[in-house]
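[1] Here you go, sequence then predicted model.
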Amino acid sequence: MPFFAQTIAESSAHSWDARARPFVIVHATNHPGIEGTAHILAAIERLRARGFRIDFKFFTAARHQEVLDALQTADLAIGKLKMGYYANAQIESMATGVPTMTWVRDGFMTPQLQASGFIFTSLDTFESTIEYYVTNPQALAEKRAAARASILALHDNAAISRRYAEVYARVIAADSSSGG
């Protein structure tokens, strides 16, 4: 069953202009080891050393509102790059309209995910993927335009609630018919 999507305000950031400000990236995790955070930090430093202006906002054990506030000015968020799927933090970043990088295993990939505002990458391609979106603001704008609507469709709370109700009804019916 998919996670529920939280109702979150859409980001105030709209388009990124390299002449006006650094590229803002948010990475929030309580489990840096399973996110690939050490690899992410090293890649960001290599990009900075090559002259890319990146404002990297890394949160661990942070207050929820602090992360949501940071997403309001983010150009991109980074999620799970080792686990093979995404979680609540990525749903929230997408719900704010911020395109989110993550890695999804082939067995979990769907056409709906593929068409979403997610940016799929791996630890091996992460650095070049960041570089692509920093140097291609139109591609980033296309992902931003798809982010919020696509995640709210993937995590439609009414549809998820109906699925839970159907499962519970089947369990109760099966329990009743077995004399339980």
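    Cool, got the structure. Numbers count the residues shown, from 1 in each chain.

[2] In the chain, what residue spans correspond to strands?
    With DSSP state E, the ranges of strands along the chain come out as 23-28, 54-59, 76-78, 100-102, 118-120.

[3] want to throw those strands into TSV with mean neighbour count?
    C-beta here means a position set from N, CA and C on the backbone, and glycine is covered the same way. Below are the strands of the chain laid out as TSV (neighbours: other C-beta atoms under 10 Å):
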stretch	mean neighbour count
strand 23-28	24
strand 54-59	16
strand 76-78	28
strand 100-102	27
strand 118-120	21
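
[4] Quick one: closest of these to residue 150.
    strand 118-120 (7.7 Å; C-beta to C-beta).

[5] Quick check: residue 116 vs residue 62, distance?
    25 Å (C-beta to C-beta, to the nearest Å).

[6] who's more crowded, these two?
    Taking neighbours as other C-beta atoms under 10 Å, residue 116 and residue 62 compare with residue 116 leading, 21 against 14.

[7] so what's the more buried one up against?
    For residue 116, the contacting residues are 94, 146, 147, 150, 151, 154, by C-beta atoms under 8 Å, 6 or more residues apart in numbering.
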